[in-house]
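Enquirer: from the sequence below, what's the structure:
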Amino acid sequence: MPSILTKLRPWLEPAVGAVFLTLWLIAEAGRGYGGSGLFVLITIAAAMAVSRVLPIVALAAVASVTLLQVVGVMNPAGSTMWPVNLGVLFVVLVVAHGAPKRVSFAALILGVPLAAAAGYLARLSDNWSGADRISGAVDGLLPTALVALGLYAGAWAAGYALRVSLRELRSLRLLRDTTAQLGSVEVELMMSHERDRIARDVHDVLAHSLAVVIAQADGARFASVAKPQLTDAAFHAISDAARAALIDVRTLIEGLREEPGDTPQPGLADIEPLLAQLAATGMTIDAQHFGDAKAMTPAQELTVYRVVQESLTNSLRHSGGTPGARLSFDWRGPGLALTVTSRGDSTGAQGTGDGHGIRGMKDRARLAGGWLTAGASEEPGGEFVVTLFVPTGTERAGQPTPREQLA
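Expert: Reported below is the predicted structural model:
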């Protein structure tokens, strides 16, 4: 909503012109005006009033009235009236401030002849007569014109400085507004990243647990006729998987309400229960370990855990009835090289490499400082290979190795 000052701004110059005219009329009341003196006063006051909206007209008006006085068409102002010409300084200040640059610099150039004319007219207003009057005006022209030029140039410089200052203020305001908008965009981007992270976590938790539940339910359904005793164990496994998924989802939701880091995240030590849970579904898992463990951050351990979880879940979902996987943990290089090779059908969603889970694994690997590839093996057999590399620090003295953790 525009402020009161913004609404009143267009009336500033007309108000100044009206006050200028009124004060001079009051000051000269009772002395009597010649026709030319009153015309000069009204013309300069009018030029002041329209100097912002009609700068060229205002400059032409003050130049014309000055020229008419110089050539003798109009009588110069008397000794008490010549300061009326100082209104020209207001006109040039406003023009330098708000007019287009070409008009503004034209006003500066116009100051030279106007200053000379003002000096000449100021000397004529003295009490000289006849030839002495003219010669005295010419003799005193230079110093008076220099003073007039200095005042004119000072008014123009003040107006132009105000122009530059206001432009800088507008630029700073625009920069501040832009910065505020960028801050809002940054917050929205952070929220978008957070939503993506939450989506990945929910996907990792639910996709794995539901895959286990489906596998156990299908197994129990097919085995209920031939081996009824297996049904109870399958139902126990389904109950455990569903309960674990519920706990994980609740933990994730509670973590959104708390400060980051308040909720414990799974790591390498949690891979062993994960493999045991999947093995209970009938999935064959072979884990091999090479070298000793090195230091990993909690975020990197979480990345390894989620990649193992997602890879085995995909294998369980798209194995074509023969789930199985080989895991290789190799610590002998500058980081952990993890390979998960899944046996079974690779023509499903896993084989495309375009699923949300695989994209999530690649994002996690990148954020952990490493990389991940996923795709069908070139060797016959329909195997699907996920390869993860995560750089590590120095070896963790006294910490259990992956072999010890996953034994």
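
Enquirer: now for E310, how many residues are close by?
Expert: Applying other C-beta atoms under 10 Å, we find 25 residues neighbouring E310. In this view, the C-beta of every residue, glycine as well, is placed from N, C-alpha and C.

Enquirer: check what pLDDT it gets.
Expert: Residue-level confidence at E310 comes out at 87, pLDDT.

Enquirer: so what's it closest to, chain neighbours aside?
Expert: Residue nearest to E310 in three dimensions, not counting chain neighbours: G357, with 4.8 Å by C-beta to C-beta, 6 or more residues apart in numbering.

Enquirer: list the buried ones in the helix or strand hosting that neighbour?
Expert: With elements taken from DSSP states H and E, the one containing G357 is helix 356-367. By 16 or more other C-beta atoms under 10 Å, the buried positions in helix 356-367 come out as G357, I358, G360, M361, K362, D363, R364, A365.

Enquirer: surely the residue nearest to E310 meets S315?
Expert: No. Counting by C-beta atoms under 8 Å, G357 does not reach S315; the two are 11.4 Å apart.

Enquirer: could you identify the least confident member of the buried residues of helix 356-367?
Expert: G357 (71).

Enquirer: state the distance from that residue to D363.
Expert: Here the criterion is C-beta to C-beta, to the nearest Å. By it, G357 lies 11 Å from D363.

Enquirer: what's the answer for L12, then?
Expert: Shown here: L12 relative to D363, a distance of 59 Å by C-beta to C-beta.

Enquirer: equivalent analysis for S328, please.
Expert: Using C-beta to C-beta, we find S328 at a distance of 23 Å from D363.

Enquirer: then A295?
Expert: Using C-beta to C-beta, one gets 23 Å for the distance from A295 to D363.

Enquirer: low-confidence ranges, the stretch 251-400 of the chain, go.
Expert: Applying pLDDT under 70 to the stretch 251-400 of the chain picks out residues 251-264, 319-322, 344-356, 379-382, 393-400.

Enquirer: can you do 90?
Expert: Low-confidence segments of the stretch 251-400 of the chain, defined by pLDDT under 90: 251-286, 292-300, 302-303, 306, 309-325, 333-334, 342-370, 375-384, 392-400.

Enquirer: can you pull out the helices in it?
Expert: 271-279, 298-317, 349-352, 356-367 (DSSP state H, counting those that start in this stretch).

Enquirer: buried sites along the second one?
Expert: This points to helix 298-317. Buried residues in helix 298-317, counting neighbours by 16+ other C-beta under 10 Å, are found at 300-317.

Enquirer: that one vs helix 271-279, what angle?
Expert: Note on geometry: by axes from the mean of the first three to the mean of the last three C-alpha atoms, to 10 degrees, helix 298-317 and helix 271-279 are set 10 degrees apart in direction.

Enquirer: packing partners for helix 298-317?
Expert: Using 3 or more C-beta pairs under 8 Å, 6 or more residues apart in numbering; DSSP states H and E as the contact criterion, the elements in contact with helix 298-317 are helix 141-226, helix 271-279, strand 324-330, strand 335-343, helix 349-352, helix 356-367, strand 384-391.

Enquirer: thought I44 was touching V65?
Expert: Yes. I44 sits in contact with V65 when judged by C-beta under 8 Å, with a separation of 6.9 Å.

Enquirer: neighbour-wise, which of the two wins?
Expert: The residue with the greater number of neighbours, taking I44 and V65 and applying other C-beta under 10 Å, is I44; the counts read 26 against 23.

Enquirer: for the more buried one, give me its contacts.
Expert: Neighbour list for I44: F20, A61, V62, V65, V84, N85, G87, V88, V91 [criterion: C-beta atoms under 8 Å, 6 or more residues apart in numbering].

Enquirer: which one of these sits in the busiest neighbourhood?
Expert: V88 leads the contacts of I44 on contacts (other C-beta under 10 Å) with 28 neighbours.

Enquirer: in stretch 371-381, what counts as buried?
Expert: L372, A374, A376.

Enquirer: shaky segments in the stretch 1-150 of the chain?
Expert: Along the stretch 1-150 of the chain, segments meeting pLDDT under 90 span 1-45, 47-53, 55-56, 58-150.

Enquirer: one more time with 70
Expert: Per-residue confidence for the stretch 1-150 of the chain (pLDDT under 70) gives these ranges: 1-3, 5, 28-35, 75-82, 122-141.

Enquirer: what lies in contact with stretch 301-308?
Expert: Under C-beta under 8 Å, 6+ apart, the answer for stretch 301-308 is 200, 204, 265-268, 270-271, 274, 296, 327, 336, 338, 340, 360-361, 364-365, 367-368, 370, 372, 386, 388, 390.

Enquirer: now the buried members of those.
Expert: Neighbour counting over the contacts of stretch 301-308 (16+ other C-beta under 10 Å) leaves 200, 204, 265-268, 270-271, 274, 296, 327, 336, 338, 340, 360-361, 364-365, 368, 370, 372, 386, 388, 390 as the buried ones.

Enquirer: one step back: switch the buried residues of stretch 371-381 over to a markdown table; also include distance to R163.
Expert: Below are those laid out as a markdown table (distance: C-beta to C-beta, whole Å):
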| residue | distance to R163 |
| --- | --- |
| L372 | 59 |
| A374 | 63 |
| A376 | 69 |
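
Enquirer: contacting residues around L89?
Expert: Under the criterion of C-beta under 8 Å, 6+ apart, the contact list for L89 reads L151, Y152, A155.

Enquirer: for those residues, which one is nearest H97?
Expert: The shortest separation between H97 and any of those is 10.1 Å, and it belongs to A155 (by C-beta to C-beta).

Enquirer: could you dump stretch 54-62 to CSV, C-alpha only?
Expert: Output of stretch 54-62 as CSV, limited to C-alpha atoms (Å, rounded to 0.1, in the frame of the first residue of the first chain):
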residue,chain,number,x,y,z
LEU,A,54,7.5,19.1,-18.0
PRO,A,55,11.3,19.7,-17.6
ILE,A,56,11.8,21.0,-21.1
VAL,A,57,8.9,23.5,-20.8
ALA,A,58,10.3,24.7,-17.5
LEU,A,59,13.8,25.3,-18.9
ALA,A,60,12.4,27.0,-22.0
ALA,A,61,10.3,29.3,-19.8
VAL,A,62,13.2,30.5,-17.6
